[in-house]
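Chemist: compute the structure for the input listed below.
(one chain, ligands or ions: 1)
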Amino acid sequence: MRKPPLSGIPAHIGIIMDGNGRWAKQRGLIRTQGHLEGLKAAKRIVKAASDLGVKFLTLYAFSTENWKRAVEEVSFIMGLVKQYLRAEFDFSKRNRIRVRHAGDIAGLPADIQKELAESMSNTADFEGMQVVLAINYGGRDEIVRAFRRFAATGQDMSNIGENDISAYLDNPDIPDPDLIIRSAGEYRTSNFLLWEGAYSELHVSKKLWPDWDKEDLEEAIADFRQRDRRFGSVAAGSVTAGSVTASSVQG
Ligand code: FPP
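Modeler: This next block holds a predicted model:
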């Protein structure tokens, strides 16, 4: 028997958009064609998430490791990012979507930095869903940069705590993701939101990213709703006065 829903729409969803290359290969197409279709899927999912009332959507568009790919593929993805930022302004305005960035912006090509800065500033007052584009993003890199920012304030590093690190991440005002989705079937987090995702629920779908549609997002959310989120505490209903079983005290 399925459990009744324990929570509603997750406030923050992160997505590892994987499988563009495989999608193209299955069709005898070049990898970049898969990324082009991947961008279309990203647009569908942004619209769907906004309609469903998701507050924050983080899309893993380009990792710190993705620079190892062929130069042509990297510049194609950067071109898609630029296209997305330019072409989506009207859509963002209509849907009040605010664009943000996670990652090392200084390591991006100057034109992408400029487009990102413009999109972020043009949408800064929009009060709808916030789309965080993770570009040149790595979870470890973000944590290192947080430490560096903290150190630059001159505060005593020997007493650094979790809240200090959280406060110097790329978007400290954004709540941790409730749900992290990965398309294309691999069970790994690939350096995505390492700090923020400590207690995120994971949903892995076999479907390749370019095939993703609103129904797939709804399915992931329905799966999330069945989860019993404990945040390291005890399972609901497993504690009677004065009794905690060893099996109930798990993450
Ligand atoms: C992973 O698939 C996908 C990427 C590294 C790029 C994702 C980028 C986009 C969808 C376009 C930009 C998006 C936005 C929102 C601006 P893969 O190439 O690793 O696939 P494979 O594992 O099947 O080879």
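
Chemist: what is the burial count for the closest residue to the ligand within the stretch 1-150 of the chain?
Modeler: Closest contact between the stretch 1-150 of the chain and the ligand, by Cβ to the nearest ligand atom, is at Gly21 (2.3 Å). C-beta: built from backbone N, CA, C; applies to glycine. Residues lying near Gly21 (other Cβ atoms under 10 Å) number 21.

Chemist: which helix or strand contains the residue of the stretch 151-251 of the chain found nearest the ligand?
Modeler: Taking Cβ to the nearest ligand atom as the measure, the stretch 151-251 of the chain has Ala184 as its residue closest to the ligand, at 5.9 Å. Ala184 is part of no helix or strand when elements are defined by DSSP states H and E.

Chemist: ok, it - contacts?
Modeler: 18-19, 22, 205-209 (Cβ atoms under 8 Å, 6 or more residues apart in numbering).

Chemist: ok, those vs Asp164, which is closest?
Modeler: The shortest approach to Asp164 among the contacts of Ala184 belongs to Asp18, at 32.5 Å (Cβ to Cβ).

Chemist: confirm that closest one sits in a helix?
Modeler: No. Asp18 sits outside any helix when classified using DSSP: H, G, I helix; E, B strand; the rest coil, being coil.

Chemist: when you give positions from now on, start the count at 586
Modeler: Will do, 586 is the new start, and the previous item becomes Asp603.

Chemist: might you enumerate the residues of the stretch 586-735 of the chain proximal to the ligand?
Modeler: 602-607, 620, 623-624, 627, 644, 646, 651, 662, 665-666, 669, 718 (Cβ under 6 Å from any ligand atom).

Chemist: how close does Val659 get to Lys628?
Modeler: Distance of Val659 to Lys628, computed by Cβ to Cβ, to the nearest Å: 21 Å.

Chemist: before we move on, back to that, among the contacts of Ala769, which two are most distant?
Modeler: Most distant of those, by Cβ to Cβ, are Arg607 and Ser790, 13.3 Å apart.

Chemist: so for the two, which residue has more residues nearby?
Modeler: Ser790 (20 against 16).

Chemist: how about the contacts made by that one?
Modeler: Here Ser790 is in contact with 766-770, 797, 801, 804-805 (Cβ under 8 Å, 6+ apart).

Chemist: assign the nearest residue to Glu781 once chain neighbours are set aside to helix, strand or coil.
Modeler: Nearest in space to Glu781, with sequence neighbours left out and distances taken as Cβ to Cβ, 6 or more residues apart in numbering, is Asp761 at 4.5 Å. What three-state DSSP gives for Asp761 is coil.

Chemist: residues in contact with Asp761?
Modeler: By Cβ under 8 Å, 6+ apart, the neighbours of Asp761 are 597, 778, 781-785.

Chemist: tell me the phi and psi of it?
Modeler: phi -60, psi 150 (degrees, to the nearest 10).

Chemist: now stretch 716-735: buried residues?
Modeler: Using 16 or more other Cβ atoms under 10 Å as the test for burial, stretch 716-735 gives 716-724, 726-727, 730-731, 735.

Chemist: got a list of contacts for the helix or strand of the chain with the lowest mean pLDDT?
Modeler: Lowest by mean pLDDT, DSSP states H and E among the helices and strands of the chain is helix 674-680, with a mean of 93. If you take Cβ under 8 Å, 6+ apart as the criterion, helix 674-680 is touched by 628, 632, 635, 682-684, 704, 707-708, 711, 713-714.
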